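Undergrad: need the 3D shape of this:
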Amino acid sequence: MRFDQHTVVLLVRPDDPPELPRDVADRLQDTHLAHQAGLVEQGAVLAAGPFLGGDDERIRGFAVLSVDPQMARELYANDPAVRAGRLVARVMSWMVPEGVLRFEQVPVPTSMLEAATGD
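TA: Numbers count the residues shown, from 1 in each chain. Model (predicted):
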């Protein structure tokens with residue numbers, strides 16, 4: 001059997017994230033979403049999104065990338081939420097049977113407002 005290999009990133013809240021005022025945290029989230037959208041536009045991110053209601057609330061999001069793990073580490077080191085210490089990027093390779101996954105280009109939100117309104 002043949003396999004496709006993808007790079008995945010788990011975005012994890014550290015045990016001791018910095019406390020930020022609500023407005024600062026909201027702006028940081030917007031810059032995080034804009035960064036993620038830029039990676040999608042570049043073709044580096046194939047799919048990404050948050051986790052909700054999971055057993056481990058520290059695990060905040062997931063991304064599947066078209067780049068190797070080292071490049072993924074570099075890309076997520078530049079994520080504003082990672083730089084601010086609010087998230088940590090855990091990078092690994094993921095293998096699935098060849099052809100089992102298909103990714104299509106779709107728009108992604110670049111801000112919390114855009115995500116909330118669905119525009």
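Undergrad: wait, doesn't Met71 sit right on Ala44?
TA: Yes: at 7.4 Å, Met71 counts as touching Ala44 under the criterion of Cβ atoms under 8 Å. For glycine as for every other residue, the C-beta is placed from the backbone atoms N, C-alpha and C.
Undergrad: and those two? Which one has more around it.
TA: The neighbour comparison of Met71 against Ala44 (other Cβ atoms under 10 Å) goes to Ala44, with 17 against 14.
Undergrad: that one - nearest residue in space that isn't next to it in sequence?
TA: Closest residue in space to Ala44, ignoring its immediate chain neighbours: Val67 at 5.1 Å, by Cβ to Cβ, 6 or more residues apart in numbering.
Undergrad: tell me, what's touching Met71 and Ala44 both at once?
TA: Leu65 (Cβ atoms under 8 Å, 6 or more residues apart in numbering).
Undergrad: where's the residue nearest to Ala44, which helix or strand?
TA: Assigned by DSSP states H and E, Val67 falls within no helix or strand.
Undergrad: how many neighbours does it have?
TA: By other Cβ under 10 Å, 18 other residues sit near Val67.
Undergrad: do the same with Val106
TA: Val106 has 7 neighbours, counted by other Cβ under 10 Å.
Undergrad: doesn't it belong to a helix?
TA: No: when DSSP: H, G, I helix; E, B strand; the rest coil is applied, Val106 is found to be coil, with no helix at that position.
Undergrad: phi first, then psi, for Arg22.
TA: For Arg22, the backbone dihedrals (degrees, to the nearest 10) come out as phi -50, psi -40.
Undergrad: picking that back up, quick one: the residue nearest to Ala44 and Thr7 touch, right?
TA: Yes: between Val67 and Thr7 there is a contact at 6.1 Å, judged by Cβ under 8 Å.
Undergrad: dump the residue contacts of Val108.
TA: Contacts for Val108 (Cβ under 8 Å, 6+ apart) come out as 33, 36-37, 40, 48.
Undergrad: quick check: phi and psi at it.
TA: Dihedral pair for Val108: phi -120, psi 150, per degrees, to the nearest 10.
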